[in-house]
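Q: no sequence on this one, just coordinates:
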């Protein structure tokens, strides 16, 4: 039986989830915030591919399964309170966001408004029609 | 009356909170994950200093109020789902973590164990005894 004590050290929230910050090893940018349950984290560590828990769909979410924009895991880190994870990844295609942008944090607060400050790299219609191209 | 529509665009969770990723402008490292309620984010934006909601203490937490390690906000960003914030800050003293390390994500998963891979910069006993020195 495999040693998975490291999973027991995590303080899962009331829903059995932990927030996961995802950073791009190439650009050093924060790409997105996602969530994992125990199974998702265990599978991610085992396979080296980022697998999250989709709260909206209520199921495991293999990042890139539709878009082809998979994330290869380079590092898994834990914070001092054991209630947040930092994942350092190689982002396939350089696109993490479903809007076709490099990352999900593309809006910046300026003069009391959220302004889009990062470009769409690839049209989402194209991404989800021809995944992984 | 001040325009705070931008606060209404955020999808606060059931506890009225949003997770906040904090990145250091100097090192481009993710320092910590914290939480804000509406008041904390409004005050943070107004004052330019990071103010979080302490879930353990159930009150506003002016980052650095005890340690002197305040965070000056450079950017506030919102993600595509409007349920996560990215804060880019200047970290006073270069220490974000209460353990005296640069950041809270100082443990890395290696061979099924969380290994400490970042040094203590300043003894916490010293930090909390002589804040801000």
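A: Everything's here; your move. In this text the structure is predicted, and so the values were computed from the model without any measurement.
Q: starting at the chain centroid, how far to stretch A:110-127?
A: Here stretch A:110-127 is found 18 Å from its chain centre; the criterion is Cα atoms, centre = their mean, to the nearest Å.
Q: Strands of chain A, residue ranges please.
A: Using DSSP state E, the strands of chain A run over residues A:17-24, A:30-37, A:51-54, A:59-62, A:71-78, A:85-91, A:107-110, A:113-116.
Q: and the last one, what does it pack onto?
A: Same thing as strand A:113-116. In this structure, strand A:113-116 makes packing contacts with strand A:107-110, helix B:5-8, judged by 3 or more Cβ pairs under 8 Å, 6 or more residues apart in numbering or on different chains; DSSP states H and E. C-beta here means a position set from N, CA and C on the backbone, and glycine is covered the same way.
Q: most tightly surrounded among those?
A: Most buried of the helices and strands packed on strand A:113-116, by mean neighbour count (mean count of other Cβ atoms under 10 Å in any protein chain shown): strand A:107-110, with a mean of 17.
Q: ok, and for the longest helix seen in chain A, which residues are buried?
A: Longest helix in chain A, counting residues (DSSP state H): helix A:38-47. For helix A:38-47, the neighbour count (16 or more other Cβ atoms under 10 Å in any protein chain shown) marks A:38, A:40, A:41, A:42, A:43, A:44, A:45 as buried.
Q: same check, this time on stretch A:119-133
A: A:122, A:127.
Q: what's the closest of the buried residues of helix A:38-47 to chain B?
A: Chain B lies nearest to residue A:45 out of the buried residues of helix A:38-47, by Cβ to the nearest Cβ, at 6.6 Å.
Q: The closest one reaches residue B:109, doesn't it?
A: Yes. When contacts are counted by Cβ atoms under 8 Å, residue A:45 is listed as touching residue B:109 (6.6 Å).
Q: Now the common contact residues for the two.
A: Residues touching both residue A:45 and residue B:109 (Cβ atoms under 8 Å, 6 or more residues apart in numbering or on different chains) are residue A:76.
Q: Could I get the pLDDT score of the closest residue to residue A:108 other than its chain neighbours?
A: Sequence neighbours aside, residue A:117 is the residue nearest to residue A:108 in space, at 4.7 Å (criterion: Cβ to Cβ, 6 or more residues apart in numbering or on different chains). Residue A:117 is assigned 98 on the pLDDT scale.
Q: how close does residue A:117 sit to residue A:56?
A: According to Cβ to Cβ, to the nearest Å, residue A:117 and residue A:56 sit 26 Å apart.
Q: between these two, which one's more packed in?
A: Neighbour count, other Cβ atoms under 10 Å in any protein chain shown: between residue A:117 and residue A:56, residue A:117 has more, with 12 against 7.
Q: which residues touch the more buried one?
A: A:106, A:107, A:108.
Q: quick one, phi/psi of it?
A: Main-chain torsions, residue A:117, degrees, to the nearest 10: phi -120, psi 10.
Q: List just the nearest of the contacts of residue A:117 to residue A:126.
A: Closest approach to residue A:126 among the contacts of residue A:117 (Cβ to Cβ): residue A:106, at 17.9 Å.
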